[in-house]
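A.B. asks: Return a 3D structure for these sequence lines:
(one chain, ligands or ions: 1)
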Amino acid sequence: MFILVNLKAYPCDPIEVATAARDVADSSGVRIAVSPQAADLARVAETGVETWAQHVSPNAHGSHTGSTLAEAVADNGAEGTLINHSENRLKLADIDGSVGAAERADLETVVCANNPAQIGAATALSPDAVAVEPPELIGGDVSVATADPGIVEDAVAAAAAVDDAVDVFCGAGVSTGEDVAAAADLGASGVLLASGVAKADDPAAVLEDLVSEI
Ligand SMILES: O=C[C@H](O)COP(=O)(O)O
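C.D. replies: Residues are numbered from 1 along each chain as shown. Predicted coordinates:
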């Protein structure tokens, strides 16, 4: 299982989380990545943790004020990027463009989607992975794998029907090792989570728990 921790715009210390994630990944052997604000990418990457961007623009170099270029995040240490997160939705053409931009910059890609139908469409764009996240469960206390296991199973089936080389992750409300194990049992090969770590008093303890049943 891949554990991808999105720090969103939470007021946490990205270096504290990154350092804890690096240490837990090293001691457990579990793949863990941290996705900070774009401005924090370089210093998070310097900790040695696998570092992901939260978004990349479909644009290439040029007159695109405010864009976050795939090349720029890669140059600042990112190894992958989220695309089309529920809190940063893109048009289909821009999702396609962002996947292409990420591939040009050698970034791994996870395209987020709300439901299995969107997962099928996202899979057709050939990212490395897709992530299903029911928006109503994001930021809550109940894991998607507990609250709506069918959506994870349906997302896995929807992706496999299009391209079984694309991995399927799930997210929303994931905060414990039990949640990660439940996601794996439903066919997910990774989890995308945020508040469980970013809002925790002790992020290291949460990360230790997250890997405890893998
Ligand atoms: O990117 C992460 C997801 O939106 C899940 O967020 P959450 O773990 O706070 O529910």
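A.B. asks: isn't residue 16 right next to residue 203, touching?
C.D. replies: Yes. Using CB atoms under 8 Å, residue 16 is in contact with residue 203, at 6.4 Å. The C-beta positions use only the backbone N, C-alpha and C, and glycine is treated the same way.
A.B. asks: Which residue of the two possesses the greater neighbour count?
C.D. replies: Higher neighbour count among residue 16 and residue 203: residue 203, with 24 against 13, using other CB atoms under 10 Å.
A.B. asks: count of neighbours near the closest residue to residue 186 other than its chain neighbours?
C.D. replies: Using CB to CB, 6 or more residues apart in numbering and skipping the chain neighbours, the partner closest in space to residue 186 is residue 152 (4.1 Å). Around residue 152 sit 26 other residues, with neighbours defined as other CB under 10 Å.
A.B. asks: Report back the residue of the chain that's furthest from centre.
C.D. replies: Each residue of the chain has a distance to the centre, and by CA atoms, centre = their mean the biggest one is for residue 63: 28.6 Å.
A.B. asks: which SSE is that residue in?
C.D. replies: Under the criterion DSSP states H and E, no helix or strand holds residue 63.
A.B. asks: Give me every residue in the protein lying close to the ligand.
C.D. replies: Applying CB under 6 Å from any ligand atom, one finds that the chain approaches the ligand through 6, 85-86, 133, 138-139, 171-174, 192-196.
A.B. asks: are any of those residues buried, and which?
C.D. replies: Buried residues within the residues of the chain next to the ligand, defined by neighbour count using 16 or more other CB atoms under 10 Å: 6, 85, 133, 138, 171-174, 192-196.
A.B. asks: got those residues as TSV, with pLDDT and distance to residue 147 columns?
C.D. replies: Putting those into TSV (pLDDT from 0 to 100; distance: CB to CB, whole Å) gives the following:
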residue	pLDDT	distance to residue 147
6	98	19
85	98	19
133	98	12
138	98	11
171	98	12
172	98	8
173	98	7
174	98	11
192	98	15
193	98	14
194	98	16
195	98	15
196	98	14
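A.B. asks: Just the ones of these in strands?
C.D. replies: Applying DSSP state E to these, the entries found in strands are 6, 171, 192, 193.
A.B. asks: what do residue 16 and residue 203 both touch?
C.D. replies: With CB atoms under 8 Å, 6 or more residues apart in numbering applied, the contact sets of residue 16 and residue 203 do not overlap.
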